[in-house]
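>>> below are the sequence and a predicted model for it; my questions follow.
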Amino acid sequence: MFASKNGLKGDPRLEAISEAIRVVPHFPKPGIMFQDITTLLLDHKVFKYIVDIFVDRYKNMTISVVAGIEARGFMFGPSIALAIGAKFVPLRKPGKLPGKVIYQAYELEYGEDCLEMHIGAVQEGEKALVIDDVVATGGTLSAAIKLLERMGAEVVECACVVGLPELKGQSRLNGKPLYILVEPREIENCC
Ligand SMILES: O=P(O)(O)OC[C@H]1O[C@H](OP(=O)(O)OP(=O)(O)O)[C@H](O)[C@@H]1O
Ligand SMILES: Nc1ncnc2[nH]cnc12
């Protein structure tokens, strides 16, 4: 049930995290089992488990950039950035950032989209961590990696709360490590 390679086997926090995520069938399109992390944000203990796990992992890696992906990467990224002493860089959907941007298009499980980053937010040679809530196809993370690398940053790892294993997101990350806390829960009597 839980992502086996995260070094947290048997950690009871993973079960609490998994149980706090609501699975919504057929949202936003038929056939999609939507992993809704807003329900885990309602439980501050579970929310803190997630931040604590990521902070413990990244605090001694000299990471100076935490890049959060709109919208749900914004819910975890800033807390992690503050705790590890890094800046937070928002990667936003098109037309939302007011300064000069670079952009990168990508394909999703249920459509296509584009991410933008402010030019000047990241300096050449900085070490970056990319944060999001869910990895499905890996298209969004791969666009985030490309944006950071185009600015000369080194992406150390991508970290997500949930990974959908059947969509093989890791394979689109060009060898970059992907750290996942939990896999989606099976929901009984569905559909
Ligand atoms: O691995 P992928 O196939 O790229 O999918 C993962 C992305 O999809 C979701 O965001 P979504 O695009 O739905 O945008 P939203 O958070 O703005 O609703 C999720 O928060 C990830 O960012
Ligand atoms: N099944 C899913 N649940 C939540 N976010 C997603 N992004 C892409 N696929 C998703």
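Yes, it's here. Ligands and ions are numbered 1, 2, ... in the order given.
>>> could you list every helix and strand in contact with the biggest helix by length in the chain?
Secondary structure assigned by DSSP state H gives helix 44-58 as the longest helix of the chain. Identification of packing neighbours for helix 44-58 by 3 or more Cβ pairs under 8 Å, 6 or more residues apart in numbering; DSSP states H and E yields helix 12-20, helix 38-41, helix 77-84, strand 154-163, strand 178-182. Glycine gets a C-beta too; all of them are placed from N, C-alpha and C.
>>> quick one: strands adjacent to the fourth one?
Strand 154-163 sits in its sheet next to strand 127-135 (parallel), strand 178-182 (parallel), going by DSSP bridges.
>>> so which of those comes closest to ligand 2?
strand 127-135 (4.0 Å; Cβ to the nearest ligand atom).
>>> quick one on the thing from earlier: and for the longest helix of the chain, what's in contact with it?
Under the contact criterion Cβ atoms under 8 Å, 6 or more residues apart in numbering, helix 44-58 has outside partners 8, 13, 16-17, 20, 40-41, 76, 79-80, 83-84, 129, 131, 156-157, 159, 161, 179, 181.
>>> the residues you listed: which ones sit near ligand 1?
Among the contacts of helix 44-58, proximity to ligand 1 is found for none (Cβ under 6 Å from any ligand atom).
>>> what parts of this structure come near ligand 2?
Within reach of ligand 2 by Cβ under 6 Å from any ligand atom, the chain has these residues: Ile32, Met33, Phe34, Gln35, Glu109, Val134, Ala136, Leu164.
>>> from Ile187, how far off is the residue nearest the centre of the chain?
Taking Cα atoms, centre = their mean, the centroid of the chain lies closest to Asp132, which sits 1.7 Å from it. Between Asp132 and Ile187 the distance, using Cβ to Cβ, to the nearest Å, works out to 22 Å.
>>> please apply the same query to Ile50.
Taken as Cβ to Cβ, the span from Ile50 to Ile187 is 21 Å.
>>> hmm, back to that, now render the helices and strands packed on helix 44-58 as a markdown table, adding mean pLDDT and mean neighbour count.
Formatted as a markdown table, these follow (pLDDT from 0 to 100; neighbours: other Cβ atoms under 10 Å):
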| stretch | mean pLDDT | mean neighbour count |
| --- | --- | --- |
| helix 12-20 | 98 | 17 |
| helix 38-41 | 98 | 16 |
| helix 77-84 | 98 | 20 |
| strand 154-163 | 98 | 23 |
| strand 178-182 | 97 | 22 |
